[in-house]
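Asks: coords please:
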Amino acid sequence: MQGNAKVAEDDVREVGKAIGVTFNGDNENMFSVLARAVANVYASCDTVAKQHLWDSLSMRIQALGRSRVCVCGDFNVVRRIEECRSGSGRPQSPDLHSFNHFTEGNNLINLPLSGRNFTWFKGDDLSMSHLDSRIESLQDRLAALDVKGGEEDLSDTEIEELHGVTSDLHSISRLNTNICWQQSRSRWIKEGDANSKYFHSVLANRRLGNAISSLEVGGVTVEGVVPIRKAVVSNFASHFKVVNVVRSGVDSLIFKRLHPTEAGNLTKPFSLKEVKATVWDCDSYKSPGPDGVNFGFIKDFWTEMHSDVMRFIAKFHRNSRLTKGINAAFIALIPKVESPQRLNDFRPISLVGSLYKILAKVLANRLRLVMGSVILESQTAFVRDRQILDGILIANEVVDEARRAKKELILFKVDFDKAYDSVDWATASVLVNGSPTDEFPLERGLRQGDALSPFLFLLAAEGLHFAEDTLLMGTKSWANVRALRVVLVLFDTMSGLKVNFNKSMLVGVNIPDSWLGEAASALGCRVGNIPFLYLGLPIRGDPKRLSFWEPLLTDRVVVPLHAATSLIWHSQVPLKVSLLAWRLLRDWLPTKVNLTYRGIIPVEDSHCVSGCGAVESAQHVFISCSIFGSLWPLISSWVGSSMVTTQTLSDHFVQFTTSTGGTRARRSFMQLIWLACVWVVWTERNHRLFGGSANSSLHMLDKISRLFPLGG
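Replies: The predicted structure follows:
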């Protein structure tokens, strides 16, 4: 440190791995402005590079004049021979002189540490570390107690000592593992995943597949970064712009109102308990919004962040306004079809910031409690204690009754044009190839991805059954056909919600095809047939049959746990691997969480051996861990399968084995890959815990690829 503060050596205390410093002297002349000049150093081991660093730092320090300076970090050098001792008896650092010249030339004050002079050595016979020595001592004592316990009964004092030695040995071994992990990480950063040719090729292919290289706009193909960005902004800015049309009002209509108690519950101040419960209800692992913060981060640092979050919530409650920028959003374009050519081929999904997301979810939770009081009973979507399936089942009952009674029935399935976008309503920016465009105001529309949107849409258009899907039913008559047309056009005029008649469908029960065709022509829609899909399920289907539910389960592979475990016993798999997978799917592996439940290790020792900081459960080790879990994207890219995003191990196994489709032999091959991954991950986990060694995810992939060569 540089300055004229009086530093007392006795006031320097080592606390864990951090250094706490107390200064004696005039407070105003001390380091109150220290933050103005702080250098955090991680010096290279290379002598030339280190000298370049000292020269560069000297120039910067001298340019600051008399400003206070603090230089801290890992210098990879010592100031005196006595500070370093090796087995060879000579100092490890050859550039001691240049470092002393740097500190003395810049008037830097060395802050000595109190306590033991040596806390870590290399670990050979001549220079054993204090940590290694302690581990060896504990292991010797544990072995002695084990031997004595096998020959005679231990005393109460010795039993208590045995428990203490076991606990101390586990804690110190974990500390030693963390040190080894940190050392290995520095090598990975330099030579491992971050600079791997394979890793970069995967990223490049992914970016290439998601890139928008050309667009068809108004029948003209647009190419190039700038033209595409302009076209996208122009399209969405105009799409979300309010059309100044004089519409009929609804002031004469009587709407249902909330009870005063319900209204008071909506507007009462927000409590810390309410906000925290909302945050904890959110998935920790979903992708972050534009601010780069996800709910996992918020939960981990809730103690530090909750006061700021509550200050933001209280300010909104007091002013009924949001600070500019809080309500801004990115619009991510998700392809709806293979090789999208037009902007209509993309689904715009809003990415909102974390603060707004918390507020929106809190408000949505409050709205959910009162929606049933103001929304008609015929609306079954997004209303508490109502089931969206009720509408489908009622429609099926009506159709069945018409068939049995030989009644003539018409069904009109209405398709509305982007119903969410019709609500007149924040600024948004579109992500084009990952880069945000200029912001533009959203004058209308509700954002898909916003927790409030479904409830706000219901309040504005409760007559719709679900988003843009609505099914209207009536008896066969030309009067009903004409009334249907008039009602929909009037609804369009008053709400701005345009009906896509060419995508809508007219279906008849016990009605001649000729009459149905004429009615469809009058409505400007197409003729449909029974059965047809409504809200993803067939109308005029039998709910008692599996075929009725198959459309709903197409993208959801539902397999009982016993079915998943029956697939792990494979003739080509070693029995020990199958047993490992069998125990894994039943959560019988000795993970640290399970060991904690059994009272074998304390709760504070239940963190993952990878050093990621999370609690080590089976799901975490094999799926969620940022270190071990990074193997799965590499495996998916290697075998050419889609990524599996499920968070349960049994579902992960089933979905992974079916992710490439194909023949039975292909699925069998994917089972072998999954079992090999599980074995390699668990083996790596044990090596880190007991052996102190650590391999990268690419090294684990290499082990698996040698077992299953895919090359021609």
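Asks: list the buried residues for stretch 63-76?
Replies: 68-71, 75-76 (16 or more other C-beta atoms under 10 Å). (Each C-beta comes from the backbone N, C-alpha and C, glycine too.)
Asks: same question for stretch 42-59.
Replies: 43, 50-51, 53-54, 57.
Asks: and what of stretch 142-150?
Replies: 142, 145.
Asks: neighbouring contacts of that stretch?
Replies: The contact list for stretch 142-150, computed with C-beta atoms under 8 Å, 6 or more residues apart in numbering, reads 154, 158, 161-162, 165-166, 169.
Asks: where do the domain boundaries of this protein fall?
Replies: 9-105, 130-191, 209-240+257-374+424-458, 380-423+461-555, 561-707 (automatic domain parsing).
Asks: which of these comes out lowest on mean pLDDT?
Replies: For those, the weakest mean pLDDT is recorded on domain 9-105, namely a mean of 64.
Asks: how about the domains of the chain in CSV, adding distance to residue 111?
Replies: Converted to CSV, the domains of the chain look like this (distance: least, C-beta to C-beta, whole Å):
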stretch, distance to residue 111
domain 9-105, 6
domain 130-191, 21
domain 209-240+257-374+424-458, 27
domain 380-423+461-555, 61
domain 561-707, 28
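Asks: show me where the stretch 1-150 of the chain has helices.
Replies: 47-63, 96-105, 130-151 (DSSP state H, counting those that start in this stretch).
Asks: got it, and the stretch 151-300 of the chain?
Replies: Assignment of helices within the stretch 151-300 of the chain using DSSP H, counting those that start in this stretch yields the ranges 156-191, 197-210, 225-239, 260-267, 272-280, 295-300.
Asks: show me where the stretch 401-550 of the chain has its strands.
Replies: Under the criterion DSSP state E, counting those that start in this stretch, the stretch 401-550 of the chain carries strands at the ranges 409-415, 427-432, 435-436, 440-441, 469-475, 505-509, 526-527, 532-534, 537-539.
Asks: need the helices of the stretch 1-150 of the chain in JSON lines (columns: distance to residue 483).
Replies: As requested, the helices of the stretch 1-150 of the chain are exported to JSON lines (distance: least, C-beta to C-beta, whole Å):
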{"stretch": "helix 47-63", "distance to residue 483": "81"}
{"stretch": "helix 96-105", "distance to residue 483": "90"}
{"stretch": "helix 130-151", "distance to residue 483": "85"}
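Asks: among those, which comes closest to residue 644?
Replies: Residue 644 lies closest, by C-beta to C-beta, to one member of these: helix 130-151, at 39.8 Å.
Asks: just the C-alphas of the closest one, formatted as PDB.
Replies: This file holds the C-alpha atoms of helix 130-151, laid out as PDB (Å, rounded to 0.1, in the frame of the first residue of the first chain):
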ATOM      1  CA  HIS A 130       1.000 -27.900   6.800                       C
ATOM      2  CA  LEU A 131      -2.300 -29.100   5.300                       C
ATOM      3  CA  ASP A 132      -0.800 -32.300   4.000                       C
ATOM      4  CA  SER A 133       0.900 -32.900   7.300                       C
ATOM      5  CA  ARG A 134      -2.400 -32.400   9.200                       C
ATOM      6  CA  ILE A 135      -4.200 -34.900   6.900                       C
ATOM      7  CA  GLU A 136      -1.400 -37.500   7.400                       C
ATOM      8  CA  SER A 137      -1.500 -37.000  11.100                       C
ATOM      9  CA  LEU A 138      -5.300 -37.500  11.200                       C
ATOM     10  CA  GLN A 139      -5.100 -40.500   9.000                       C
ATOM     11  CA  ASP A 140      -2.500 -42.100  11.200                       C
ATOM     12  CA  ARG A 141      -4.600 -41.500  14.300                       C
ATOM     13  CA  LEU A 142      -7.700 -42.800  12.600                       C
ATOM     14  CA  ALA A 143      -5.800 -46.000  11.600                       C
ATOM     15  CA  ALA A 144      -4.500 -46.500  15.100                       C
ATOM     16  CA  LEU A 145      -8.100 -46.200  16.600                       C
ATOM     17  CA  ASP A 146      -9.400 -48.600  14.000                       C
ATOM     18  CA  VAL A 147      -6.800 -51.200  14.900                       C
ATOM     19  CA  LYS A 148      -7.400 -50.800  18.600                       C
ATOM     20  CA  GLY A 149     -11.200 -51.000  18.000                       C
ATOM     21  CA  GLY A 150     -10.800 -54.300  16.200                       C
ATOM     22  CA  GLU A 151      -8.900 -55.800  19.100                       C
END
